[in-house]
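1. Give me coordinates for this.
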Amino acid sequence: MARVRLIDVAERAQVSMKTVSNVVNGYAHVQPDMRARVQAAIDELGYRPNLTARRLATGKTGMIALAMPEIDHPYFGEMASHLADIAMQRGYRVIIEQTLSDPEAEKAVLQDREAGLVDGVIFQPTRMATLDIARLHDDLPLVLLGEVDAPVTTDHVMIDNVAAARDGAAHLLALGRRRVAFLGLVDGDITMTNRRRLLGYQEALVGSGIRPDPALVLTTRGFESHDAETAITLALEGGVELDAILCRDDRFAAGALTAIRARGLRVPDDIAVIGWDDSAITGYTTPTLTSIAPDKRQLAANAFDLLHERMQGHHGPGRHVIVPHAVAVRASAPRA
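-> Residues are numbered from 1 along each chain as shown. From the prediction side, this is the model:
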C-alpha cells in the first residue's frame, strides 16, 4: 500500500495541509473541533509522520524519551502505556529506557545517550543529585517525575506522597484499627519516596492520638513480593501484634496477603491491607486490594504537556505540579 501523505489527511479532513501539520506537531493554538477532525482523519487513514522529513524541515525528531527505574514494575509499565498513548495522539513516539536506579545509567540519560535522538525527556531519577541534573540536562527539554528534588529551572510532576500515606493510614484508623504497620523500608534504599510515605503514615497515627511504634515499621531485604511476604512472616512469628498494614506498593501488598493467609489469618477480619499504585493486580488478589491510587493518566498528561511547551521554546522557571490521588477501596480494607 502507498504511504499515507499529509495531503491525504488534509483532503479527508477538508482542511489545509498547514492545519494538519500543526496538529501533527502538537501546536496548541489549533481549535479543539479542528484538532478532533484532523485526528479522526489520521486515525482513519493510519497516517504516520515521516520522521526523517520532519527532522530535516524542523530540526525535530518527533520522538521523546521516557526514562524510568524499572520497566517491569506495574506502576511504571502503566505510566509508560499512558504516556505512549498521549504522545501518539499528539504525533510523537516514545523511546523507553530503563535505568535500574544505577547512578551512571541515570547520568547517561541526560549526558549523551539521548543526544540528537529525541526532542525531550521525561525522567524519573532515584539517585541523581539536584546539581547533577541541573548541570547535565543543559538545553535538553526535561520534565522530572517522582520524589527527587528538581532544579529551579526544571519542571516536576508528582503526587503528594506524605498526604497520600496519611490518607491511607487514616482510612485504616477509621476502620477501628490501632496496630497499623508500615511495609515498608527497604535495606539500602536511599530514595525520598518511602521517607515521605513513612512521614505521612506517622502523621496519621499522631493525629489520632496513637504513639508510633517502631516495631510496626517493617524492613525488607528487597523490593519484590517475596521480600514483603518474608517480612510479614517474621513479624507475625516474632509476636508483633498488628491489625492493619499500609504497604509501599501493590507488589508488597500481594506478598503480605500471602503471608497472612499462610498464618491462618483472614483479610480484612484479622488484618486489613492497603497497597499503593492501584495497579492492575489489585483486581486479581484474594481478596481484591484496596490501594492508594495516584492519577497516573493525569501524571502522564501533565508531564507531556509541560515537556511539549519546553520543546516549543518555553524558557520560564521550573513548574511544580501536584497530581491528585485517592484511596481506591476494595475488599482488603472496605469502608466501615
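2. I'd like the next helix or strand past the lowest-mean-pLDDT helix or strand in the chain.
-> Scoring the helices and strands of the chain by mean pLDDT, DSSP states H and E places helix 51-58 at the bottom, with a mean of 55. Next in sequence after helix 51-58, counting helices and strands by DSSP states H and E, comes strand 63-68.
3. relative to strand 63-68, how tilted is the next helix or strand after that next one?
-> Toward the C-terminus, strand 63-68 is succeeded by helix 74-89 as the next helix or strand (DSSP H and E). Angle of helix 74-89 versus strand 63-68, following axes from the mean of the first three to the mean of the last three C-alpha atoms, to 10 degrees, is 170 degrees.
4. Give me the helices and strands touching the helix or strand just after helix 74-89, please.
-> Counting by DSSP H and E, the next helix or strand C-terminal to helix 74-89 is strand 93-98. When contacts are defined as 3 or more C-beta pairs under 8 Å, 6 or more residues apart in numbering; DSSP states H and E, strand 93-98 packs onto strand 63-68, helix 74-89. C-beta coordinates here come from the backbone N, C-alpha and C atoms, glycine included.
5. Against which helices or strands is the last one packed?
-> Contact here means 3+ C-beta pairs under 8 Å, 6+ apart; on that basis helix 74-89 packs against strand 63-68, strand 93-98, helix 250-262, helix 296-311.
6. what about the stretch 51-200 of the chain, any weak spots by pLDDT?
-> Flagging of the stretch 51-200 of the chain using pLDDT under 70 yields the residue ranges 51-59, 112-116, 190.
7. Kindly recompute the last result at 50.
-> Counting by pLDDT under 50, the stretch 51-200 of the chain has low-confidence residues at 56.
8. that older thread, right, so of the helices and strands packed on helix 74-89, which gets closest to residue 47?
-> Among the helices and strands packed on helix 74-89, the nearest to residue 47 by C-beta to C-beta is strand 93-98 (13.3 Å).
9. and the closest one with strand 63-68, angle?
-> Counting by the same axes, to 10 degrees, strand 93-98 points 30 degrees away from the direction of strand 63-68.
10. immediately after strand 93-98, which helix or strand?
-> Next helix or strand after strand 93-98 toward the C-terminus (DSSP H and E): helix 103-111.
11. hang on, the earlier thing: closest to residue 9 out of the helices and strands packed on strand 93-98?
-> Residue 9 lies closest to helix 74-89 among those, at 14.4 Å (C-beta to C-beta).
12. quick one: contacts of the closest one?
-> Helix 74-89 has contacts (C-beta atoms under 8 Å, 6 or more residues apart in numbering) with 39, 64, 66, 68-71, 93-94, 96, 122, 124, 145, 249-251, 277, 279-281, 296-297, 299-301, 303-304.
13. coming back round to it: with residue 165 as the reference, name the closest of the helices and strands packed on strand 93-98.
-> helix 74-89 (15.4 Å).
14. And the closest one, how far out from the chain middle?
-> Offset of helix 74-89 from its chain centre (C-alpha atoms, centre = their mean, to the nearest Å): 9 Å.
15. go on, stretch 259-277?
-> 25 Å.
16. just use 55 as the starting number from now, easier for me
-> Renumbered: residue one is now 55, and that last one reads stretch 313-331.
17. I'd like the average pLDDT over it.
-> Throughout stretch 313-331, pLDDT has a mean value of 98.
18. Could you list the buried residues of that stretch?
-> Using 16 or more other C-beta atoms under 10 Å as the test for burial, stretch 313-331 gives 313, 314, 321, 322, 325, 326, 327, 328, 329, 330, 331.
19. Output it as PDB - backbone C-alpha positions only.
-> Below are the C-alpha coordinates for stretch 313-331, written out as PDB (Å, rounded to 0.1, in the frame of the first residue of the first chain):
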ATOM      1  CA  ALA A 313       1.900 -14.300  54.400                       C
ATOM      2  CA  ILE A 314      -1.300 -13.500  56.300                       C
ATOM      3  CA  ARG A 315      -3.200 -16.400  54.700                       C
ATOM      4  CA  ALA A 316      -0.300 -18.800  55.400                       C
ATOM      5  CA  ARG A 317      -0.700 -18.000  59.100                       C
ATOM      6  CA  GLY A 318      -4.300 -18.900  59.000                       C
ATOM      7  CA  LEU A 319      -5.400 -15.300  59.500                       C
ATOM      8  CA  ARG A 320      -8.100 -13.500  57.500                       C
ATOM      9  CA  VAL A 321      -8.100 -10.300  55.500                       C
ATOM     10  CA  PRO A 322      -9.700  -7.900  56.400                       C
ATOM     11  CA  ASP A 323     -11.200  -9.500  59.500                       C
ATOM     12  CA  ASP A 324      -7.900 -10.000  61.300                       C
ATOM     13  CA  ILE A 325      -5.600  -7.700  59.300                       C
ATOM     14  CA  ALA A 326      -6.700  -5.100  56.800                       C
ATOM     15  CA  VAL A 327      -4.300  -4.300  54.000                       C
ATOM     16  CA  ILE A 328      -3.800  -1.300  51.700                       C
ATOM     17  CA  GLY A 329      -1.400  -1.300  48.700                       C
ATOM     18  CA  TRP A 330      -0.100   1.500  46.700                       C
ATOM     19  CA  ASP A 331      -0.300   2.500  42.900                       C
END
